[in-house]
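**Student:** Requesting a structural model of the entry that follows:
(one chain, ligands or ions: 1)
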Amino acid sequence: MQRYSLLSLLRHGLNRHTTWAPAWRSLPLRERYEVIVIGAGGHGLATAYYLAKEHGITDIAVLESGWLGGGNIARNTVTIRSNYMRDASIPFYVKSVTLYEQMTRELNFNTMHSRRGMIDVIQTWGMMRDRRRRQHIMDLHGSTYEQITTAELRRRIPALTGGGAEARLPILGGFVHPEAAVNRHDAVAWAYARAINAMGGEIHQQTPVTQLMRGPDGRIAGVVTPRGVIRAPKVAVAVSGHTTTLTETVGLKLPLRTMNLTAFVSEPVQPLIDVIVNCPDAGFYLSQSDKGELVIGGAPDPGQSFRRDIKQTVFEDTVSAMLSLFPAFKGLKMLRQWGGHLDIAHDASPIQDETDVPGLFVTAGWWGGYKAIPAGGLTLAHLVATGRPHPLMAPFSIKRFRHLDYVMESGTTTAR
Ligand SMILES: Cc1cc2nc3c(=O)[nH]c(=O)nc-3n(C[C@H](O)[C@H](O)[C@H](O)COP(=O)(O)OP(=O)(O)OC[C@H]3O[C@@H](n4cnc5c(N)ncnc54)[C@H](O)[C@@H]3O)c2cc1C
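**Tutor:** Model (predicted):
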């Protein structure tokens, strides 16, 4: 893998940047691999990366229906955090945040990781109790939540001028999660792709899987694509909102629903806000990008949906919630809106397991799963390679739905 450094930048700059080798190769698609990973989103790429890095499995094809970084990996609002509620969840997200912090150095690719912290703005006593509970549980697992007063909250976020004593929901205080960060999501996809390629793995774009194939023994045998049948004894499905569409081709129903989550950005403005601001009672969150745009997200659209834009009602609700706390943003122009379709399980926790079809693995239910990408890849690779669940992921087995042993998680989305 060619190293990126100040020196190499200077050297290639002298040659007008014509001497860089391609970051990854496009190889011919073969008929057989040791492992097929379906979906070159964050979870698929991270799985392929850790299969090669940790387990020496390099005979891998990652099959992507669209293009690298075209799924939710580049549609999210890049909030990385570990302020979850459950004992099962927090250690997993702590690990993921740590892996993100090391990513630029480990993959020699600048992901622009910025640990800017997140502040929750609390406006109801119910939410205050939820956050105090989280604080104690997080403390047990090495993740930080610090309660701050309303005065301190306003000092740290000067643009937050709403929510005063006369408001319908006055601000009661805040919680700071210092480990929270943002980074550059397309860089994460490219960084993994480059590393996978350097270790011998293959990424095939424009290669949708239309069907999974079982052998006569009932095991997974491979996949069908418009480019032909590709065989492998192990297949990992990492296709986000399309999980059930694929698994149902081998008769496998999963307890997942697909829903639309959206975001929008404002025109760029001067530096205003240097933390991620999350307002769970109002129902929105925002941060400011390096370009100056305010990146704003709201509550999900609760209906089953495959749409990739924002519903007018969701947009209006999010904007009116934002203006109740940031009235000065009224004059801001909105530049872009978009959405993604994500799958969510009944208990809002992920599913990562080998399925009832031997050799077929799924990683799904990643509502708010951008932050989970490195640890999700690490743990799925462990399961695929060794056949044993990684301890960090063991509670998220699909068997929990059989035993009604749910991990009911209130920390999955930021906005509620
Ligand atoms: C608006 C929005 C804001 C968000 N904000 C955050 C946030 O701030 N923090 C956070 O942690 N998470 C956030 N998320 C969620 C996060 O983006 C997802 O949970 C995460 O990206 C899921 O990763 P993935 O790898 O499972 O899916 P994806 O990145 O979507 O990858 C799945 C890939 O599979 C491909 N695919 C689908 N079907 C097939 C097929 N049949 N054959 C081959 N390939 C296929 C798709 O093209 C896609 O590239 C947000 C999501 C949205 C939409």
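
**Student:** Contact residues of this protein facing the ligand?
**Tutor:** Counting by CB under 6 Å from any ligand atom, the residues of the chain close to the ligand are 38-44, 63-66, 70-73, 75-79, 208-209, 238-240, 242, 246, 261-263, 297, 339-340, 342, 366, 368-371. The way it works is simple: take the backbone N, C-alpha and C, and place the C-beta from them, glycine included.

**Student:** any idea how far residue 342 is from the residue of the chain found nearest the ligand?
**Tutor:** Going by CB to the nearest ligand atom, the ligand is nearest to residue 41 of the chain, at 1.7 Å. For residue 41, the distance to residue 342 (CB to CB, to the nearest Å) stands at 11 Å.

**Student:** okay but residue 128 is in contact with residue 171, surely?
**Tutor:** No. In this structure residue 128 lies outside contact range of residue 171 using CB atoms under 8 Å: 10.8 Å.

**Student:** Compare these two and say which is more crowded by neighbours.
**Tutor:** Higher neighbour count among residue 128 and residue 171: residue 171, with 22 against 18, using other CB atoms under 10 Å.

**Student:** if we can go back for a sec, out of the residues of the chain next to the ligand, list just those in strands.
**Tutor:** 38, 63, 261, 262, 263, 297, 339, 340, 342 (DSSP state E).

**Student:** Show me the two of these that sit farthest apart.
**Tutor:** Distance extremes for these: the farthest pair is 63 and 297 at 29.5 Å, using CB to CB.

**Student:** if we can go back for a sec, identify the contacts common to residue 128 and residue 171.
**Tutor:** residue 122 (CB atoms under 8 Å, 6 or more residues apart in numbering).

**Student:** Secondary structure of residue 244: a strand, I assume?
**Tutor:** No. Under the criterion used here (DSSP: H, G, I helix; E, B strand; the rest coil), residue 244 is helix, not part of a strand.

**Student:** quick one, what contacts it?
**Tutor:** Contacts for residue 244 (CB under 8 Å, 6+ apart) come out as 253, 254, 256, 258, 343.

**Student:** Those residues, buried ones only, as a PyMOL selection?
**Tutor:** Of those, the buried ones go into a single PyMOL selection, burial set by 16 or more other CB atoms under 10 Å:
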select buried, resi 254+256+258+343
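
**Student:** Columns pLDDT on top of the contacts of residue 244, output as a markdown table?
**Tutor:** Formatted as a markdown table, those follow (pLDDT from 0 to 100):
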| residue | pLDDT |
| --- | --- |
| 253 | 94 |
| 254 | 96 |
| 256 | 96 |
| 258 | 94 |
| 343 | 93 |
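
**Student:** re the thing from before, more neighbours, residue 63 and residue 297?
**Tutor:** It is residue 63, of residue 63 and residue 297, that has more neighbours when counted by other CB under 10 Å, with 26 against 22.

**Student:** and the gap between the closest residue to the more buried one other than its chain neighbours and residue 61?
**Tutor:** The spatially closest residue to residue 63, leaving aside those adjacent along the chain, is residue 207, at 4.5 Å (CB to CB, 6 or more residues apart in numbering). Applying CB to CB, the value for residue 207 to residue 61 is 8 Å.

**Student:** Find the residues that touch each one of these two.
**Tutor:** Common contacts of residue 207 and residue 61 (CB under 8 Å, 6+ apart): residue 29.

**Student:** What score does the spatially most central residue of the chain have for pLDDT?
**Tutor:** The chain has residue 370 as the residue nearest its centroid, 1.1 Å off, counting by CA atoms, centre = their mean. On pLDDT, residue 370 comes in at 98.

**Student:** Return the distance of it relative to residue 251.
**Tutor:** 31 Å.

**Student:** ditto for residue 139
**Tutor:** Here the criterion is CB to CB. By it, residue 139 lies 45 Å from residue 251.

**Student:** One more: residue 367?
**Tutor:** In terms of CB to CB, residue 367 sits 25 Å off from residue 251.

**Student:** Mind listing what's buried along the longest helix along the chain?
**Tutor:** Scanning the chain for the longest helix, with DSSP state H as the assignment, gives helix 90-107. Buried residues in helix 90-107, defined by neighbour count with 16+ other CB under 10 Å: 90-97, 99-101, 103-104, 107.

**Student:** CA atoms only for stretch 173-181, dumped as PDB, please.
**Tutor:** Below are the C-alpha coordinates for stretch 173-181, written out as PDB (Å, rounded to 0.1, in the frame of the first residue of the first chain):
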ATOM      1  CA  GLY A 173     -29.700  21.300  32.500                       C
ATOM      2  CA  GLY A 174     -27.400  19.300  30.300                       C
ATOM      3  CA  PHE A 175     -25.100  16.300  30.000                       C
ATOM      4  CA  VAL A 176     -21.700  16.400  28.400                       C
ATOM      5  CA  HIS A 177     -20.300  13.300  26.700                       C
ATOM      6  CA  PRO A 178     -16.700  14.300  26.000                       C
ATOM      7  CA  GLU A 179     -15.700  11.200  24.000                       C
ATOM      8  CA  ALA A 180     -18.200  12.000  21.200                       C
ATOM      9  CA  ALA A 181     -16.700  12.900  17.900                       C
END
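
**Student:** Need the residues that contact it.
**Tutor:** Contacts for stretch 173-181 (CB under 8 Å, 6+ apart): 79-83, 94, 97, 100-101, 113-122, 128, 131, 135, 143-150, 152-153, 156, 275-276.

**Student:** In helices, which of these fall?
**Tutor:** 94, 97, 100, 101, 128, 131, 135, 150, 152, 153, 156.

**Student:** any idea which of those residues is the one closest to residue 308?
**Tutor:** Nearest to residue 308 among those, with distances taken as CB to CB, is residue 100, at 25.6 Å.

**Student:** my read: that closest one touches residue 82, true?
**Tutor:** No. Residue 100 is not in contact with residue 82 according to CB under 8 Å; the separation is 10.3 Å.

**Student:** residues shared between the contacts of the two?
**Tutor:** Common contact partners of residue 100 and residue 82 (CB under 8 Å, 6+ apart): residue 371.
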